[in-house]
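[1] I would like to see how this sequence folds:
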Amino acid sequence: MSGGTGEADADAESPTEGRRAVVAKRVDSGEADLTEIGQLAAAAGYDVVGELTQTRTEDAAFMFGEGKVAELRDLVRRTDAEAVIIDNDVGPYQTFNIGGELPEGVEVVDRFTLILEIFGQRANTRKAQLQVELAELRYELPRAEAKASLAKRDERPGFMGLGEYDESVERDIKRQISEIRDELESIAEKEEARREQRRDSGFDLVALAGYTNAGKSTLMRRLADELEVDENADRHRDLDTTAESQDMLFTTLGTTTRRAEMEKRDVLLTDTVGFIADLPHWLVESFESTLDSVYRADLVLLVVDASEPVPEMREKLVTSHDTLYERNEAPVVTVFNKIDRLEPGELAEKRGALSGVAPDPIAVSAKTGAGVAELRDRVEGELPEWERERLVLPVSDDAMSLVSWVHDHGHVAEETYAGDQVTVDFEAKPSIVARARAKAAELSAPPAEESA
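    Next up is the predicted model:
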C-alpha cells in the first residue's frame, strides 16, 4: 500500500486482476457459505476457479484437517490456481503451514488480507490511503513475532510481505502507526470544522450507512437533486458530481457528498464505506475517520437489501447497529431497499419478522424510485425540529440582504411588503433563527449618538 499523496489511477489494472484462485472456508457446525467470499474475491479482481469447504473444529496447525489440506492441494493443481483465499481469520503459523503443503508460488490469503487488498485498490484519496495503510500495519503488528520466529529458523524470511525480519520491524510498525494516526487526526479536525460550517450555513447532514452492496450509492443518486454541484463549489469544494453505483462490494471506500432534493430543508447526503460482517475491531478503528461522517450526522439512513432472506437481513442489521452503537449521536431510520425484487406480500412478512431490529422501516426501490417521496418526507420529519420566526424589518438595502440570507438558510413561508416595512415568516434551525434575530436587531437599533 503506497502512502503517496497523489490520487490512485482508477484505470490501472489491479495486481490480482485475472489471477486464478480457489476459495475455501471452515465452519464449526452447519454448512459453509462461500457466496460472500466469492464476491469479495471478484471485487479484488480474482477469477474463482474452485471451491472447498469443511465442517469441523479448528485445527491448530492447519485451520482445516490435514486430509482437507491435501484435498486443497490437489484442487489447486487441477485448476492451476495461483492463490488460495480462505474465508477465516488464519493465524500466521497456519498460513505458513498451509502454504508449505501447496505447490510453490501459490499465495495463501485470509479473509482480512483480501479485504485490505480491496481497500488498497479503491483508496484514491490521501485519507483513504492512510486508513488502508493503518489497517495493514495494525494487521501486521501481532504477526511480527511469528515472522521473527520463522526467520530465525531460516524458513521463508520474507513470509507475508514485510521482507527479512530484524529487530527494528516492530519498532518501525509502531512508529508508522503513530505518524499515520497523527495525520488522520489532523484531517478529521478539518472535516469536523467543515461539518460545523455547513450546519452554520443552514444545512442538515444526513449519512447513508449499511452493509456493503445494499444500494446506498444508487439511493444517494436518486435522492440527489438535479442542481449542478458547481453552483455550490465555493461553499462545498469536496462535493462530488456522481456517486458510483455497481453490483460489487466496496465500490465506495471514501466519502461522497451531494446535495439532496427536499421540500423545505437544505440537506447534504454523505455515502461512505459499507459495513461487512465479522470485521475485527482493529479494522473498524482504522476507518474511524471515515465513519465520523456517519457518527456525527444529524440523521442516519441505515440501508438494507430487502431482497435477501430474513436471516441475512437480520445479521446485517445487527452488524450495522453494533458498528453504530458506541459512537453514533444521531437518530437512525432503517430503509428497506430493492423492494422491486420482492414478491407480493413478502415485504409485509419481512417487516413483521424484523420489527425487533428494524422498527418502523421505510421501504423503497432506489432503482425505480418507488417509496422515495415518502423517504424524503420521513427524512424531513426525523431531522431536528426547526423554529418558526416572524421578522418585521424596515425596507433598506441591509434588510434586503437579510431577507436573502434567510431564504438561503431556512424555509420562507411568507414574505410581504407594506409601506416601508417587509415581514418575513420563516422556519429554520434554532441557531439560524438566533442569528437572524441578532441581525434584525442591528437593523432596528437606533444609530449610536456621536460624541461631542
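[2] In this protein, where is pLDDT below threshold?
    Within the chain, the stretches with pLDDT under 70 are 1-16, 145-167, 225-254, 273, 277-282, 284-286, 288-290, 326, 444-452.
[3] what's the single longest helix in it?
    Longest among the helix segments of the chain by residue count, using DSSP state H, is helix 168-200.
[4] Counting by contacts, list what the helix or strand that that helix is followed by packs against.
    With elements assigned by DSSP states H and E, the helix or strand that comes after helix 168-200 is strand 203-210. In terms of contacts (3 or more C-beta pairs under 8 Å, 6 or more residues apart in numbering; DSSP states H and E), strand 203-210 is packed against helix 168-200, helix 216-223, strand 266-271, helix 288-295, strand 299-305, helix 310-325. In short, each C-beta sits where N, CA and C put it, glycine included.
[5] so which of these gets nearest Asp425?
    Among the helices and strands packed on strand 203-210, the nearest to Asp425 by C-beta to C-beta is strand 266-271 (18.3 Å).
[6] partners of that closest one, with directions?
    Strand 266-271 pairs in its sheet with strand 203-210 (parallel), strand 256-260 (antiparallel), by DSSP bridges.
[7] Can you give the distance of that strand from its chain's centre?
    Centroid displacement of strand 266-271 relative to its chain, using C-alpha atoms, centre = their mean, to the nearest Å, is 14 Å.
[8] What of stretch 43-57?
    Between the centre of stretch 43-57 and the centre of its chain there are 26 Å (C-alpha atoms, centre = their mean).
[9] Buried residues in that stretch, which are they?
    Neighbour-count burial for stretch 43-57, counted by 16 or more other C-beta atoms under 10 Å, picks out Ala43, Ala44, Gly45, Tyr46, Asp47, Val48, Val49, Gly50, Leu52, Thr53, Gln54.
[10] got it, and stretch 307-322?
    Ser307, Glu308, Glu312, Met313, Arg314, Glu315, Lys316, Leu317, Thr319, Ser320, His321.
[11] Okay, the last one and Lys350: tell me how far apart.
    Applying C-beta to C-beta, to the nearest Å, one obtains 17 Å for the distance of His321 from Lys350.
[12] next one: the first one
    The span separating Ser307 from Lys350 equals 10 Å under the rule C-beta to C-beta.
[13] Overlap of the contact sets of those two?
    Both Ser307 and Lys350 are contacted by Leu342, under the criterion C-beta atoms under 8 Å, 6 or more residues apart in numbering.
[14] one step back: can you redo the strands paired with strand 266-271 as JSON lines, where the extra columns are distance to Gln129 and mean neighbour count?
    As requested, the strands paired with strand 266-271 are exported to JSON lines (distance: least, C-beta to C-beta, whole Å; neighbours: other C-beta atoms under 10 Å):
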{"stretch": "strand 203-210", "distance to Gln129": "22", "mean neighbour count": "25"}
{"stretch": "strand 256-260", "distance to Gln129": "17", "mean neighbour count": "21"}
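[15] Which one, of those strands, ends up nearest to Leu302?
    strand 203-210 (5.3 Å).
[16] neighbouring contacts of the closest one?
    With contact meaning C-beta under 8 Å, 6+ apart, strand 203-210 is reached by 195, 198-199, 216, 219-220, 260, 265-272, 274-275, 293-294, 296-304, 316, 320, 323-324, 330, 335, 379, 383-384, 429.
[17] what does stretch 352-365 give?
    Residues from elsewhere that reach stretch 352-365, judged by C-beta under 8 Å, 6+ apart: 219, 304, 306, 310, 313-314, 317-318, 321, 333-340, 347, 351, 370-372, 374-375, 378.
[18] That stretch: end-to-end distance?
    Across stretch 352-365, the terminal residues are separated by 19 Å (C-alpha to C-alpha, to the nearest Å).
[19] Identify each buried residue in that stretch, please.
    For stretch 352-365, by 16+ other C-beta under 10 Å, it's Leu354, Val357, Ala358, Pro361, Ile362, Ala363, Val364, Ser365.
[20] Check the spacing between the fifth one and Arg376 real quick.
    Shown here: Ile362 relative to Arg376, a distance of 10 Å by C-beta to C-beta.
[21] Pretty sure Gly381 is one of the things Leu299 touches, is it not?
    No - with contact defined as C-beta atoms under 8 Å, Leu299 and Gly381 do not form a contacting pair (10.0 Å).
[22] So for those two, which sits in the more crowded spot?
    Leu299 (20 against 9; other C-beta atoms under 10 Å).
[23] separation between the more buried one and Ala370?
    The spacing between Leu299 and Ala370, counted by C-beta to C-beta, is 21 Å.
[24] quick one: the strands in the stretch 1-150 of the chain?
    Assigned by DSSP state E, counting those that start in this stretch, the strands in the stretch 1-150 of the chain fall at 20-27, 47-55, 83-86, 107-110.
[25] what's the closest of the ones you listed to Ile180?
    strand 107-110 (22.7 Å).
[26] how far is the closest one from where the chain is centred?
    With C-alpha atoms, centre = their mean as the basis, strand 107-110 stands 25 Å off its chain's centre.
[27] what does it contact?
    Residues outside strand 107-110 that contact it (C-beta under 8 Å, 6+ apart): 21, 82-86, 88-90, 95, 98-99, 102, 117.
[28] and what of stretch 325-333?
    Applying C-beta under 8 Å, 6+ apart, the external contacts of stretch 325-333 come out as 207, 291, 294-302, 321, 324, 361-362, 378-379, 382.
[29] what does stretch 57-66 give?
    With contact meaning C-beta under 8 Å, 6+ apart, stretch 57-66 is reached by 24, 26, 28, 54, 56, 69, 72, 86, 88, 90-91, 93-94, 97-98, 101.
[30] Restricting the selection to alpha carbons, write it to PDB.
    Output in PDB follows, covering the C-alpha atoms of stretch 57-66 (Å, rounded to 0.1, in the frame of the first residue of the first chain):
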ATOM      1  CA  THR A  57     -13.400 -27.800  14.800                       C
ATOM      2  CA  GLU A  58     -10.400 -25.700  14.000                       C
ATOM      3  CA  ASP A  59      -7.100 -27.500  13.600                       C
ATOM      4  CA  ALA A  60      -4.300 -25.500  15.500                       C
ATOM      5  CA  ALA A  61      -1.700 -26.200  12.900                       C
ATOM      6  CA  PHE A  62      -3.600 -26.100   9.600                       C
ATOM      7  CA  MET A  63      -7.100 -24.500  10.300                       C
ATOM      8  CA  PHE A  64      -8.500 -27.400   8.200                       C
ATOM      9  CA  GLY A  65      -7.800 -31.000   8.900                       C
ATOM     10  CA  GLU A  66      -4.700 -32.400   7.200                       C
END
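[31] Run a quick neighbour tally on Glu189.
    By the criterion of other C-beta under 10 Å, Glu189 has 10 neighbours.
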